[in-house]
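>>> Quick one, fold the following:
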Amino acid sequence: MTNEQSIPVSHRAPPPPNFTFETDYNPAGSPAGHALVLVVDDNVTDVWLVMEAFNEIGLTPDLLVAADGEEALTVLDRIEANLLPCPQLVVLDLNLPKVNGFQVLKRIRSSPKFAGKPVAIFTSSNTAADKQEADRLGASAYIGKPSNLSVLPQIGKQLGQLIAESSRPH
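Numbering: from 1, shown residues only. As a prediction, the model looks like this:
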């Protein structure tokens with residue numbers, strides 16, 4: 001018996017069609033005007049929460065996932081080299097392996113490609129010091145990871161507003 005068969009069906013979600021890892025992303029496969037969101041998180045459950053938050057409000061952006069801070073920096077390099085499109089939103093965890101979220105945020109804010117692009121911190125940390133540092137480094141929003149799924153529509157609405165704001169002409 002495989003591990004997948006031993007997990008009750010109610011605990012498995014099929015992989016969504018709009019969920020890809022950086023190495024698999026093909027911008028030609030996205031419809032014109034479809035939002036692209038870069039999610040930087042090492043926990044697949046938290047990536048699923050982001051996807052579900054969007055689904056709760058009827059949005060289905062393409063999710064480009066970087067599983068750690070080092071991979072996020074590689075994605076940023078590829079965006080700056082015009083090998084990947086620039087996302088309309090970055091959803092960034094702070095507690096990442098290899099390179100922490102604050103270092104990734106600094107890099108994003110130093111890139112002209114990301115000028116005016118929102119970065120939402122999505123973290124389990126609720127310390128005042130982390131909130132202040134994220135704000136100082138230019139985070140657009142600071143969202144706590146939910147312990148209750150009933151707040152997903154509010155999270156989705158907040159993330160959706162950030163996408164809408166980034167899509168307006170400046």
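>>> I155: neighbouring residues, count only.
25 (other CB atoms under 10 Å). C-beta here means a position set from N, CA and C on the backbone, and glycine is covered the same way.
>>> Correct me if wrong, but it is in a helix.
Yes. With DSSP: H, G, I helix; E, B strand; the rest coil as the criterion, I155 is part of a helix.
>>> Which residues are in contact with the residue nearest the centre of the chain?
Centroid-nearest residue in the chain, with CA atoms, centre = their mean: V39, separated by 2.1 Å. Going by CB atoms under 8 Å, 6 or more residues apart in numbering, V39 touches 47, 50, 63-66, 90-91, 122.
>>> Please repeat the previous calculation with a cut-off of 6 Å.
47, 50, 63, 65, 91 (CB atoms under 6 Å, 6 or more residues apart in numbering).
>>> Okay, and which of those map to helices?
47, 50 (DSSP state H).
>>> Just put the contacts of V39 in TSV and tack on neighbour count, distance to R109 and pLDDT.
Formatted as TSV, the contacts of V39 follow (neighbours: other CB atoms under 10 Å; distance: CB to CB, whole Å; pLDDT from 0 to 100):
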residue	neighbour count	distance to R109	pLDDT
V47	23	23	94
V50	27	21	95
L63	23	22	91
V65	24	21	94
V91	28	15	97
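>>> Among the contacts of V39, which one sits closest to T127?
V91 (19.3 Å; CB to CB).
>>> Let me know whether the closest one touches V119 as I believe.
No. Using CB atoms under 6 Å, V91 makes no contact with V119, being 8.0 Å away.
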